[in-house]
Structures are given as structure tokens and as C-alpha cells.
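In: 3D model of this:
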Amino acid sequence: MQSVVDCVFFCYNHCVMAKVNVKCVASEGAVIPEYKTAGAAGADVCAHIESDIVIPVGKSAMIPTGLFFEIPEGYEIQVRPRSGLAAKNGVTVLNTPGTIDSDYRGELRVILINLGNEDFTIHNNDRIAQIIIAPVTQAVFIPATSLSETERGAGGFGSTGVKN
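Out: I've put the predicted structure just below:
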């Protein structure tokens, strides 16, 4: 029988990142999403705008990308913030993670919010978010009249405290 260490070592040395084909139509001048490093989970998406968009402090804006996807059934695209925009400028994706369903064929638009201290300007082709393709599991919701008991019960929103 193999140990957990042996299994982890085997997977580390022999597993490869899964690839899924996603059709992408790009408007003229739009930038096809791109992974910037070999191990990147997210592919950057860029703004596709005719003129700069200024997002005032505390406000949000929907930024077009000029991209349209045909996502395979059983998958979704998640739209997530770029860490650099968030850390340096306080700009993030408002509905994180945003979900693009497999049956949606409209343009990917990213809702950005400026939580920083200064107005933020988006220029054409700026990298504004990243997208992740992920498998989807749909639940079968079963009507019930009671639920099993747990130690936590209905405690939530800080019920376990903040200290060890």
C-alpha cells in the first residue's frame, strides 16, 4: 500500500494541468485572454473601449472586453480581480467571482469598483480582470422538514470567534 507522501510525489511529478477548449470570438481590436505564466490559473482579460473610462472613488463601472465565449456545458467562467489592481489602486471586481454560464453568448463585461483613494482611469487594452474556467456541479435540492444536528448548529457570522 502506498503512503500519502508517495501519492503526492507521484501526482506532483506526473499530473498535468487540465485543458478545456473554449471558443472565443473577439471584436476587432479586442485582446484574446492570455495566461501570463505556465502555472497561471487565471487568464487576463483586457478592456475594449473607444475612450478612457474614469471610475470615481466609491463608484463602479461596467467595462466591455469585446469578448464572446462558447463555454462547454458542465463548465463556467469565473471573473476575478487582478491582485495588482486591488493592492495598488483599490480597484476590484464588484461581484467577485462573477459567473459566466455555459449558455450565455453575450459580451463579457466586467463590473469594476473603485475602493481606492483616487479616481481610477481605465484605458483601452488595460488588463482589468482574470478569468478562470471551472467545472460546475448542480445540486438536486430535496425538500425536507428537518436537518441533521451538528456541533455548530445555526451559528454563523463570527460565531466561532477570531482568537485561537
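In: right, and Asn124 touches Pro64 too?
Out: No. The pair Asn124 / Pro64 is not scored as a contact, 10.2 Å apart, by Cβ atoms under 8 Å. The way it works is simple: take the backbone N, C-alpha and C, and place the C-beta from them, glycine included.
In: what touches both of the two?
Out: Ala47, His48, Ile49 (Cβ atoms under 8 Å, 6 or more residues apart in numbering).
In: Redo the residues you listed as a markdown table? Include neighbour count.
Out: Below are these laid out as a markdown table (neighbours: other Cβ atoms under 10 Å):
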| residue | neighbour count |
| --- | --- |
| Ala47 | 23 |
| His48 | 23 |
| Ile49 | 18 |
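In: and which of those residues is nearest to Ala26?
Out: His48 (8.3 Å; Cβ to Cβ).
In: Contact partners for that closest one?
Out: Here His48 is in contact with Ser27, Gly29, Ala30, Val31, Pro64, Thr65, Gly66, Leu67, Asn124, Asn125 (criterion: Cβ under 8 Å, 6+ apart).
In: for Val57, same thing?
Out: Taking Cβ under 8 Å, 6+ apart, one finds Asn114, Gly116, Asn117, Glu118, Asp119 in contact with Val57.
In: Pop out the phi and psi values for it.
Out: phi -50, psi 130 (degrees, to the nearest 10).
In: How about Gly84?
Out: Dihedral angles of Gly84 (phi, psi; degrees, to the nearest 10) stand at phi -60, psi -40.
In: Only the buried subset of the contacts of Val57, as a PyMOL command please.
Out: With 16 or more other Cβ atoms under 10 Å as the burial test, the buried ones among these are selected in PyMOL as follows:
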select buried, resi 114+116
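In: What is the nearest of the contacts of Val57 to Asn95?
Out: When the contacts of Val57 are compared for distance to Asn95 (Cβ to Cβ), Asn114 wins out at 14.9 Å.
In: a markdown table please, covering the shared contacts of Asn124 and Pro64 and showing secondary structure and distance to Arg105.
Out: Formatted as a markdown table, the shared contacts of Asn124 and Pro64 follow (DSSP: H, G, I helix; E, B strand; the rest coil; distance: Cβ to Cβ, whole Å):
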| residue | secondary structure | distance to Arg105 |
| --- | --- | --- |
| Ala47 | coil | 21 |
| His48 | coil | 17 |
| Ile49 | coil | 21 |
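In: could the residues you listed be laid out in TSV, adding pLDDT?
Out: Output for these, formatted as TSV (pLDDT from 0 to 100):
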residue	pLDDT
Ala47	98
His48	98
Ile49	98
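In: Switch those over to a markdown table, and while doing so, append distance to Ile131 to every line.
Out: Output for those, formatted as a markdown table (distance: Cβ to Cβ, whole Å):
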| residue | distance to Ile131 |
| --- | --- |
| Ala47 | 14 |
| His48 | 14 |
| Ile49 | 18 |
